[in-house]
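Chemist: Okay, sequence plus prediction incoming.
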Amino acid sequence: MKLRLFIFSTALSCSFSSFGQTYTGNDLLRDMSAGNDVQKAFAMGFVVGASEAIRSVIDAQRMSNEQRKGLLPTYCPPSPGIPRMQMVDIVKKHLIDNPASRHEIAESQVYGAVLQAFPCPIGPR
């Protein structure tokens, strides 16, 4: 019985791991540039979701760590926020201007784009 359970769980885990695929900057740029509105909407949702998640992590780290030790580098967007389409345009430009890193995961591409577009002033914040 234990052997069957082990074989079944091993086979199941192997079959699921083959379905995992990383969404890269190349994939994101392809979806942003697609003629298909569904792909464009997916790309927009991905960019907005990733940028909001990144911002939430940075804010949570800042609140829990006054000395800013070990924090992710932060970006400083304009006070009213960034309109969704502007964020998509910023990320698309970053992907086009940096083809050497497009093979990296798409989340890191979004993070790199906002860091470059909205750097914080030097000094503690």
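Modeler: That came through, no problem.
Chemist: Quick check: pLDDT value at the nearest residue to Val48 once chain neighbours are set aside.
Modeler: Leaving aside its sequence neighbours, Val48 sits nearest to Arg84 (Cβ to Cβ, 6 or more residues apart in numbering; 5.3 Å). (Each C-beta comes from the backbone N, C-alpha and C, glycine too.) What the model reports as pLDDT for Arg84 is 90.
Chemist: any idea how far Gly25 is from Ala50?
Modeler: Separation of Ala50 from Gly25 (Cβ to Cβ, to the nearest Å): 11 Å.
Chemist: and the spatially most central residue of the chain, helix, strand or coil?
Modeler: Computing the C-alpha centroid of the chain and ranking residues by Cα atoms, centre = their mean puts Glu107 first, at 1.7 Å. Three-state assignment for Glu107 (DSSP: H, G, I helix; E, B strand; the rest coil): helix.
Chemist: before we move on, the earlier item: check the spacing between the residue nearest to Val48 and Ala106 real quick.
Modeler: Taking Cβ to Cβ, one finds Arg84 at 16 Å from Ala106.
Chemist: Mind checking which of the two has more residues around it?
Modeler: Higher neighbour count among Arg84 and Ala106: Ala106, with 23 against 13, using other Cβ atoms under 10 Å.
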